[in-house]
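J.: Need a 3D model of the sequence below.
(chains A and B)
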Amino acid sequence: QQQVKQSPQSLIVQKGGISIINCAYENTAFDYFPWYQQFPGKGPALLIAIRPDVSEKKEGRFTISFNKSAKQFSLHIMDSQPGDSATYFCAAGRAGNMLTFGGGTRLMVKP
Amino acid sequence: DTEVTQTPKHLVMGMTNKKSLKCEQHMGHRAMYWYKQKAKKPPELMFVYSYEKLSINESVPSRFSPECPNSSLLNLHLHALQPEDSALYLCASSQNRDSPYEQYFGPGTRLTVT
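T.: All right, here's what the predicted structure looks like:
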């Protein structure tokens, strides 16, 4: 019930391409879905987050798409750049409980 | 300002040593967290403090001892660690425990146990 499944584990994209990372959850009580970006040797940085009352949220080149009925959400990185190369974690949360993280996706953007 | 600071950045300690990790935030957050992160894995929750009181201990061995001296500071005291405890230790904070949303992480302390 608490699991969040993330795919793919690794992703290689050409510069300028679209990176897509998917997550699926089981617990319908989750009501907050953040994405974190982590560079090697650094802490995770909150990138963008969405609540289930909207189906999409966009911030710059980063977009979260949310499908409540399918219990899935995804991160799209438009015009991917080498500087976007990092590990991305999705997570799910609800009031009074801690965040549940996905397994992570290592993104490499080739110049 | 959404900054969480952690010291030291790196720490190497022997299995008989006693050391402490420190974390500080000035965002007025009342929930603070310790996570452990192994390579290529997501952060793993260790402890949660809510209003300076320990509210969650995820069955962490007693060789890890957390302390919250005040609402801005969080310490993690280490004693008699094992080599498998080598990891990145992350501190995080959020507005309060009932709203764990928008959790902000520090840069971490890279711990190596020899």
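J.: contact partners of stretch B:5-15?
T.: A:43, B:19, B:21-25, B:78, B:80-83, B:89-91, B:106-114 (CB atoms under 8 Å, 6 or more residues apart in numbering or on different chains). C-betas here are computed from N, CA, C, even on glycine.
J.: roughly how far out does it sit from the chain middle?
T.: The gap between the average C-alpha position of stretch B:5-15 and the chain average comes to 12 Å, counting by CA atoms, centre = their mean, to the nearest Å.
J.: on that earlier part again, any of the contacts of stretch B:5-15 buried? List them.
T.: A:43, B:19, B:21-25, B:78, B:81, B:89-91, B:106-111, B:113 (16 or more other CB atoms under 10 Å in any protein chain shown).
J.: Name the residues of chain B found near chain A, please.
T.: By the rule CB under 8 Å from any CB of the partner chain, the part of chain B lying against chain A is B:2, B:4, B:6, B:33, B:40-43, B:45, B:48, B:56, B:88, B:90, B:92, B:97-108, B:110.
J.: Selecting buried members of those residues in ChimeraX, what would you type?
T.: Here is the ChimeraX selection string for the buried members of the residues of chain B next to chain A, based on 16+ other CB under 10 Å:
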select /B:4,6,33,42,43,45,48,56,88,90,92,97,99,100,101,102,103,104,105,106,107,108,110
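J.: can you tell me which of the residues of chain B next to chain A are in strands?
T.: Counted as lying in strands by DSSP state E, out of the residues of chain B next to chain A, are B:4, B:6, B:33, B:45, B:48, B:56, B:88, B:90, B:92, B:104-105, B:110.
J.: Those: which two are farthest apart?
T.: B:56 and B:110 (24.1 Å; CB to CB).
J.: Can you lay out the ones in strands among the residues of chain B next to chain A as CSV showing pLDDT?
T.: Listed next are these as CSV, based on pLDDT from 0 to 100:
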residue, pLDDT
B:4, 96
B:6, 97
B:33, 94
B:45, 93
B:48, 92
B:56, 83
B:88, 97
B:90, 97
B:92, 95
B:104, 92
B:105, 95
B:110, 97
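J.: ok, those residues vs chain A, which is closest?
T.: residue B:105 (3.8 Å; CB to the nearest CB).
J.: what are the ranges of the strands in chain A?
T.: Using DSSP E, strands in chain A cover A:4-7, A:10-14, A:19-25, A:33-38, A:45-50, A:56-59, A:62-67, A:72-77, A:86-92, A:100-101, A:105-110.
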